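Peer 1: okay, here's the prediction I keep looking at, along with the sequence it came from:
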Amino acid sequence: MEPDTKFINPRLAQIDDHLYADRSDLELYRGMILEFGARSALDVGCGTGTFACLLAAAGIDVIGVDPAAASLNVARKKPGADRVRWLLGDATTLPSMTVDVATMTGNVAQVFLDDADWLAALAGIRKTLWPNGRLVFEVRDPARRAWQDWNRARSFRCVEIPELGPVEIWVELTDVSLPLVSFRWNYHFAKDGAVLTSDSTLRFREKSEIEASLAQSGFEVLEVRDAPDRPGLEFVFVATPAHGGDTTLVASDGVLARP
């Protein structure tokens, strides 16, 4: 699956962190990983590496994987990036490894538009987890119809970016054919007048669909939490490889090769 333009275009990838400087949402996931006592983590769809570096700073051995080279180039330049192992690819192309926790933050779990791709990603992640490991990810609740706010009037903002000057950004809805919702990001660089766009599509799966797909992929759902910074808007799934035994996480000593 080809990443959206905003992730593969070097100019857009390098401004991503400026446009989304507030990543307090990631504190939820960092807190969960520390709560589980995990020592190693796989960040699937790591993007520009903000969360991977946050985990590394907390003493976690981290692997970040993403299919967008431009985003990984930004990630590798961040403070603490040398503590993270960066991989170009996705959950289906991972080398042999075993980790305590795998994560998909943001909308990563919703970029898999057809069931075959979604199940393949889950299967790839399951192979990386210890028998009592955790998979943690979020999806938007379709019932909240988040896309109703995806328009210029509600999303327009102007961000001052060092060396580039002001950048105007807004989103506009292009199609709603549930469970698929498509939209376009617009970027106007005031300094040189450049206008760039990036088209995206997300799949909004029902909670029951997610649960069924996890069971089909050999996972057991331990709990579904709420996102404290977005109450009532999202489901935060915590799952473990299904084996019928003790699900208490026993942390590894780091990222290990599978036997």
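Peer 2: Looks like it arrived, so ask away.
Peer 1: from here on, contacts and neighbour counts on C-alpha atoms
Peer 2: Noted.
Peer 1: in the helix ranked longest in the chain, what's buried?
Peer 2: Counting residues, the longest helix found in the chain (DSSP state H) is helix 115-128. Buried positions in helix 115-128, judged by neighbour count with 16 or more other CA atoms under 10 Å: 118-119, 121-128.
Peer 1: equivalent analysis for stretch 195-204, please.
Peer 2: Buried-residue list, stretch 195-204, by 16+ other CA under 10 Å: 196-204.
Peer 1: low-confidence bits of this protein, can you list those?
Peer 2: Along the chain, the model assigns pLDDT under 70 to residues 1, 244-259.
Peer 1: and the strands in it?
Peer 2: Here the chain has its strands, by DSSP state E, at 40-44, 61-66, 84-88, 99-104, 129-140, 157-161, 165-177, 180-189, 195-203, 219-225, 234-241.
Peer 1: and stretch 104-124, how far from the chain's centre?
Peer 2: 10 Å (CA atoms, centre = their mean, to the nearest Å).
Peer 1: please save the CA atoms from that stretch in CSV.
Peer 2: Output in CSV follows, covering the C-alpha atoms of stretch 104-124 (Å, rounded to 0.1, in the frame of the first residue of the first chain):
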residue,chain,number,x,y,z
MET,A,104,-0.3,1.7,16.2
THR,A,105,-1.0,5.2,17.2
GLY,A,106,-2.9,7.9,15.4
ASN,A,107,-5.0,6.6,12.5
VAL,A,108,-2.6,3.9,11.5
ALA,A,109,-5.0,1.0,12.1
GLN,A,110,-7.5,2.7,9.8
VAL,A,111,-5.3,3.0,6.7
PHE,A,112,-5.8,-0.7,5.9
LEU,A,113,-8.8,-0.3,3.6
ASP,A,114,-9.5,-4.0,2.8
ASP,A,115,-9.7,-6.9,5.1
ALA,A,116,-6.9,-8.8,3.5
ASP,A,117,-4.4,-6.0,4.2
TRP,A,118,-5.6,-5.5,7.8
LEU,A,119,-5.4,-9.2,8.6
ALA,A,120,-2.0,-9.5,7.0
ALA,A,121,-0.8,-6.6,9.2
LEU,A,122,-2.2,-8.2,12.3
ALA,A,123,-0.6,-11.5,11.4
GLY,A,124,2.8,-9.8,11.0
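Peer 1: switch to numbering from 800
Peer 2: All set: I'll call the first residue 800, so the last point we hit is now stretch 903-923.
Peer 1: any chance of the strands of the chain in TSV, with distance to Gln947 too?
Peer 2: Putting the strands of the chain into TSV (distance: least, CA to CA, whole Å) gives the following:
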stretch	distance to Gln947
strand 839-843	28
strand 860-865	29
strand 883-887	34
strand 898-903	24
strand 928-939	13
strand 956-960	18
strand 964-976	8
strand 979-988	10
strand 994-1002	14
strand 1018-1024	24
strand 1033-1040	15
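Peer 1: right, and Arg939 touches Glu1033 too?
Peer 2: Yes: using CA atoms under 8 Å, Arg939 is in contact with Glu1033, at 4.3 Å.
Peer 1: and the contacts of stretch 1017-1037?
Peer 2: 824, 827, 922, 925, 933-940, 943, 1006, 1010, 1013-1014, 1038-1041 (CA atoms under 8 Å, 6 or more residues apart in numbering).
Peer 1: now list the buried members of these.
Peer 2: Buried among these by 16+ other CA under 10 Å: 922, 925, 933-940, 1006, 1010, 1013, 1038-1041.
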